[in-house]
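Trainee: what shape does this take:
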Amino acid sequence: MSWETSVLYEKIINETVRDRLGGVASADLIIRSFNFSDIECLQAAGQWDEAGAVLGRAAAALEVAGAEAIVLCTNTMHQVAPAIEASISIPLLHIVDATGEAISKAGVKRVALLGTRYTMGHPFYREALAQRYDLEVVVPSGHEREAIHRIIYDELVQGIISSASKKQVLDIIDRLSADDAVTGVIAGCTEIELLVGSDDVDIAYFPTTTLHARHAAHFALEGDN
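Mentor: Numbers count the residues shown, from 1 in each chain. Below you'll find the model as predicted:
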């Protein structure tokens with residue numbers, strides 16, 4: 001929901017369309033961007049029903065404006081995906097499906113999930129991966145979760161990229177790989193891949209921004225064929 005990765009979504013979607021169609025082709029997008037401070041306040045207060053109502057109204061307005069599918073550019077707010085889906089008659093392209101399909105294709109069965117404290121601590125994301133893709137999902141310890149959450153909200157969504165924070169996240173991934181025997185890691189907050197890339201880790205890496213954006217572009221392109 002922060003603009004730091006909203007612009008990355010748009011870039012990846014447009015690059016995917018250009019690569020497929022060539023020339024000066026680009027994506028036909030209708031974008032609704034929020035003041036992230038408002039969304040963060042709802043998260044912190046645990047007002048998920050209100051957040052779902054806000055995003056549901058926005059999705060319905062996008063459908064009226066001509067959208068043929070909805071892409072919610074965030075992992076955490078998929079907690080309110082059912083409220084959004086209830087507000088529209090067009091598909092919501094769920095980030096868990098884009099991620100789960102990539103993990104299954106890679107042959108990974110036990111995977112670590114990094115994200116906000118809400119994504120790691122609430123069951124909606126882990127349960128969806130387990131039920132839809134038969135995956136074992138491991139999350140960091142309590143203090144590790146708080147460290148990752150702080151890095152996301154105090155740094156990444158504000159455009160701050162810190163080498164010390166990168167090392168801290170990589171140390172957590174290494175610990176999960178060694179102690180919990182995970183063979184893959186989900187960058188389960190769209191901002192995490194601003195800090196850590198696939199070349200930084202020794203296990204399979206699943207960057208949800210990239211996976212979700214490409215999934216959306218391919219969905220739209222297939223619909224045009």
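Trainee: just give me the neighbour total for I161.
Mentor: Number of residues near I161 (other Cβ atoms under 10 Å) recorded here: 12. For glycine as for every other residue, the C-beta is placed from the backbone atoms N, C-alpha and C.
Trainee: surely it is within a strand?
Mentor: No: in this structure, I161 is coil, not part of a strand, as judged by DSSP: H, G, I helix; E, B strand; the rest coil.
Trainee: all strands of this protein, in order?
Mentor: 110-114, 136-138, 184-187, 204-207 (DSSP state E).
Trainee: and among the ones you listed, the most buried is which?
Mentor: Ranked by mean neighbour count under mean count of other Cβ atoms under 10 Å, the strands of the chain are led by strand 184-187, which reaches a mean of 26.
Trainee: circling back to that earlier point, using TSV, lay out the strands of the chain together with mean pLDDT and distance to H149.
Mentor: Formatted as TSV, those follow (pLDDT from 0 to 100; distance: least, Cβ to Cβ, whole Å):
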stretch	mean pLDDT	distance to H149
strand 110-114	98	10
strand 136-138	97	17
strand 184-187	98	14
strand 204-207	98	18
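Trainee: and of these, who's closest to V24?
Mentor: Nearest to V24, of all the strands of the chain, is strand 204-207, at 27.1 Å by Cβ to Cβ.
Trainee: pull the CA atoms of that closest one into PDB?
Mentor: Extracted as PDB, the C-alpha positions of strand 204-207 are listed here (Å, rounded to 0.1, in the frame of the first residue of the first chain):
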ATOM      1  CA  ALA A 204      14.800 -20.300  -3.200                       C
ATOM      2  CA  TYR A 205      13.500 -16.800  -3.000                       C
ATOM      3  CA  PHE A 206       9.900 -15.700  -3.800                       C
ATOM      4  CA  PRO A 207       9.500 -11.900  -4.200                       C
END
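Trainee: need the strands of the chain in JSON lines (columns: distance to E10).
Mentor: Shown next, in JSON lines, are the strands of the chain (distance: least, Cβ to Cβ, whole Å):
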{"stretch": "strand 110-114", "distance to E10": "23"}
{"stretch": "strand 136-138", "distance to E10": "29"}
{"stretch": "strand 184-187", "distance to E10": "18"}
{"stretch": "strand 204-207", "distance to E10": "16"}
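Trainee: indicate which one of the ones you listed is closest to R20.
Mentor: Of the strands of the chain, nearest to R20 by Cβ to Cβ is strand 204-207, at 20.0 Å.
Trainee: output the contacting helices and strands for that closest one.
Mentor: Secondary-structure packing of strand 204-207 (3 or more Cβ pairs under 8 Å, 6 or more residues apart in numbering; DSSP states H and E): helix 95-106, strand 184-187.
Trainee: direction included, what does that strand pair up with?
Mentor: Its sheet considered, strand 204-207 pairs with strand 184-187 (parallel) by DSSP bridges.
Trainee: quick one, which of the strands of the chain is nearest to A128?
Mentor: Once the strands of the chain are compared by Cβ to Cβ, strand 136-138 is nearest, at 9.4 Å.
Trainee: partners of that closest one, with directions?
Mentor: strand 110-114 (parallel).
Trainee: and the angle for the strand it pairs with with helix 95-106?
Mentor: 140 degrees (axes from the mean of the first three to the mean of the last three Cα atoms, to 10 degrees).
Trainee: contacting residues around strand 110-114?
Mentor: Contacting residues not belonging to strand 110-114 are listed as 103, 119-120, 125-126, 129, 135-140, 148, 169, 172-173, 176-177, 180-189, 192, 204, 206 [Cβ atoms under 8 Å, 6 or more residues apart in numbering].
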